[in-house]
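J.: Sequence below, structure please.
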Amino acid sequence: MVGRSKGTLEDVSLLGSNNTKYLFEYDPGILETFDNTHPDRDYFVKFNFPEFTSLCPKTGQPDFATIYISYIPEQKMVESKSLKLYFFSFRNHGDFHEDCMNIIMDDLIKLMDPRYIEVWGKFTPRGGISIDPYCNYGRPGTKYEKMAEHRMMNHDLYPEKIDNR
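T.: Numbering: from 1, shown residues only. Take a look at the predicted model:
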């Protein structure tokens with residue numbers, strides 16, 4: 001049989017569980033990883049999460065967004081169900097849009113130590129204005145750092161242009 005053995009998935013406990021607990025407070029501890037079996041290759045992993053919600057820190061009103069994450073993994077990758085539950089934990093978290101995107105990026109860097117990562121939030125307009133914070137990171141001293149600098153300086157990646165297949 002080709003594929004991963006059960007031993008390589010010991011750190012993945014949420015996927016396939018019938019006892020999923022939904023957290024109502026922000027908790028990066030819910031995130032799980034698994035090993036990247038192709039660390040010798042650069043490739044992107046992309047997530048599009050159209051159901052993100054958090055709370056305005058001033059009014060307590062809900063904010064809605066689609067979150068786009070793209071990263072080039074090193075040794076570890078984030079497991080998607082744990083990422084979904086992590087996003088759910090923002091539901092009662094009061095912070096500005098920009099803060100949420102930077103918190104997400106920082107948590108994923110701490111979790112996986114990716115070569116490169118970008119996080120983008122496309123928030124639903126409120127009061128006639130939409131806020132779309134974007135942040136990225138490339139491992140310092142590498143070509144990924146230069147990639148991050150280039151992407152930031154030549155930022156033309158509107159979510160409408162992202163292939164959502």
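J.: Break down the chain into its helices, ranges please.
T.: Secondary structure of the chain by DSSP state H: the helices cover 80-88, 97-112, 143-153.
J.: Out of the ones you listed, the one nearest residue 54 is which?
T.: Smallest distance to residue 54 across these (CB to CB): 5.3 Å, for helix 97-112. Where you see a C-beta, it was placed from the backbone N, CA and C, and this is true even at glycine.
J.: picking up where we left off before, export the helices of the chain to TSV and tack on distance to residue 33?
T.: Output for those, formatted as TSV (distance: least, CB to CB, whole Å):
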stretch	distance to residue 33
helix 80-88	8
helix 97-112	6
helix 143-153	19
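J.: Make CSV out of those helices and add mean pLDDT.
T.: As requested, those are exported to CSV (pLDDT from 0 to 100):
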stretch, mean pLDDT
helix 80-88, 95
helix 97-112, 97
helix 143-153, 90
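J.: give the contact list for the residue nearest to residue 145 when sequence neighbours are not counted.
T.: Distances taken as CB to CB, 6 or more residues apart in numbering put residue 138 closest to residue 145, at 4.1 Å, once the chain neighbours are dropped. Residue 138 makes contacts with 115-116, 144-149, as judged by CB atoms under 8 Å, 6 or more residues apart in numbering.
J.: who touches the spatially most central residue of the chain in this structure?
T.: Geometric centre of the chain, nearest residue: residue 69, 4.7 Å, by CA atoms, centre = their mean. The contact partners of residue 69, by CB under 8 Å, 6+ apart, come to 46-47, 49, 104, 108, 117-120.
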